[in-house]
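Enquirer: coordinates only, no sequence provided:
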């Protein structure tokens, strides 16, 4: 039984560590959502020997002469450019003009003004999620220390389960808040950021995977606690039952001479004289009881 408890404790702690690692990885990266933006190609500048597909070439060396631009129906080239972007809780990054590298800016600047409060709540909830998850894991580690007795271990196990379950609920709320803030930013955000196509990326799935393993850790720890409590109650009831049976047996262990008296009490209104250890005893029976004389 102790080995099984140790296995359950190790399983809960493993789930907690996995959830913590996935949560930290998700929060510190900016790949919750990714997609593309459709932008007009800029004008090409400078002398370039290689054809550039991310800008529009002039026919004239005068870069201010916009009338010299060759448009799509003249050159057969695409006038628009699809830039990739990815967004997280902290930053939103978009490809540069030459499609080499990314320029990043704070996602708080992109979110609508009336949704920045929700985004701040999301950030606070994510930080609390990681903090409580770490606290639950630390309590699970302390619980496995052999210096504590079983009762103290059960208390630590209960606190660990509560912290882990609470962190999972906070994480779920935080993920949903970010989803709401991002969707509103897509429809109401600045014109120079609104994406044409977008979808959830690996950090988003990593965050929900962290939530799932976190709840698995909480359920495992709570199952261990409740199973131990049920075993204690079952053993206590068994011991109490044995003690009651033993008490009844002790109550039934009366002297042998009194068995005659008990049997005669069942016969009302009778006068009987019998001998016990050589001494004559007179017994008078009544309907409501009996009396005897030595």
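Expert: Sure, I can see it. All values derive from a computational prediction rather than experimental measurement. Residues are numbered from 1 along each chain as shown.
Enquirer: for residue 99, helix, strand, or coil?
Expert: When the structure is reduced to helix, strand and coil (DSSP: H, G, I helix; E, B strand; the rest coil), residue 99 reads as coil.
Enquirer: cool, and the one 10 residues further on?
Expert: Recorded secondary structure, residue 109: helix (three-state DSSP).
Enquirer: got it, and residue 36?
Expert: Of the three states, residue 36 takes strand under three-state DSSP.
Enquirer: do the same with the one 3 residues further on
Expert: Secondary structure state of residue 39, per three-state DSSP, is strand.
Enquirer: state the distance from it to residue 33.
Expert: Relative to residue 33, residue 39 is positioned 18 Å away (criterion: CB to CB, to the nearest Å). Every C-beta, even on glycine, is put in place using the N, C-alpha and C of the backbone.
Enquirer: one more: residue 134?
Expert: Following CB to CB, the distance that separates residue 134 from residue 33 is 26 Å.
Enquirer: these two: which is more packed in?
Expert: residue 33 (23 against 17; other CB atoms under 10 Å).
Enquirer: tally of neighbours for the closest residue to the more buried one other than its chain neighbours?
Expert: Of all residues not flanking residue 33 in the chain, residue 87 sits nearest, at 4.8 Å (CB to CB, 6 or more residues apart in numbering). Neighbours of residue 87 under the rule other CB under 10 Å: 28.
Enquirer: looks like residue 87 contacts residue 30 (just checking).
Expert: Yes. Counting by CB atoms under 8 Å, a contact exists between residue 87 and residue 30, whose distance comes to 6.2 Å.
Enquirer: overlap of the contact sets of these two?
Expert: Common neighbours of residue 87 and residue 30 (criterion: CB atoms under 8 Å, 6 or more residues apart in numbering): residue 93.
Enquirer: what about the helix ranked longest in the chain, distance to the chain center?
Expert: Under DSSP state H, the helix in the chain containing the largest number of residues is helix 202-252. The offset between the C-alpha centroid of helix 202-252 and the centroid of the whole chain comes to 19 Å, using CA atoms, centre = their mean, to the nearest Å.
Enquirer: show the average pLDDT along it.
Expert: When pLDDT is averaged along helix 202-252, the result is 81.
Enquirer: now for that helix, which elements pack on it?
Expert: Other elements packing on helix 202-252 under the criterion 3 or more CB pairs under 8 Å, 6 or more residues apart in numbering; DSSP states H and E are helix 2-27, helix 116-143, helix 150-188.
Enquirer: so for the first one, what gets flagged as buried?
Expert: When burial is assessed from 16 or more other CB atoms under 10 Å, helix 2-27 yields the following buried residues: 5, 8-9, 11-20, 22-23, 25-27.
Enquirer: next one: stretch 169-187
Expert: 169-172, 174-175, 177-178, 181-182, 184-186.
Enquirer: for this structure, which spans come out with low pLDDT?
Expert: For the chain, the stretches flagged by pLDDT under 70 are 1-5, 43, 45-54, 56-78, 232, 234, 251, 253-294.
Enquirer: contacting residues around stretch 88-98?
Expert: Contacts to stretch 88-98, defined as CB under 8 Å, 6+ apart, come from residues 27, 29-32, 37, 42, 52, 54-55, 83-87, 101-107, 110, 119, 122-123, 126, 178, 193, 203.
Enquirer: let's see that with 7 Å instead.
Expert: Surrounding stretch 88-98, the residues in contact under the criterion CB atoms under 7 Å, 6 or more residues apart in numbering are 27, 29-32, 37, 42, 54, 83-86, 102-107, 110, 122-123, 126, 178, 193, 203.
Enquirer: for ChimeraX, write the select line for the buried members of the residues you listed.
Expert: Typed into ChimeraX, the line below selects the buried ones among the contacts of stretch 88-98, using 16+ other CB under 10 Å:
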select :27,29,30,31,32,37,54,83,85,86,102,107,110,122,123,126,178,193,203
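Enquirer: can you list the domain ranges for this structure.
Expert: The chain breaks down into these domains under automatic domain parsing: 2-28+106-236, 261-293.
Enquirer: would you mind finding the most buried of these?
Expert: Ranked by mean neighbour count, the domains of the chain are led by domain 2-28+106-236 with a mean of 18 (mean count of other CB atoms under 10 Å).
Enquirer: tell me who's in contact with the closest residue to residue 203 other than its chain neighbours.
Expert: Excluding the flanking residues, the one nearest residue 203 by CB to CB, 6+ apart is residue 31, at 4.1 Å. By CB under 7 Å, 6+ apart, residue 31 lies in contact with 86, 88, 201, 202, 203.
Enquirer: what do you get for residue 175?
Expert: The contact partners of residue 175, by CB under 7 Å, 6+ apart, come to 207, 208, 211.
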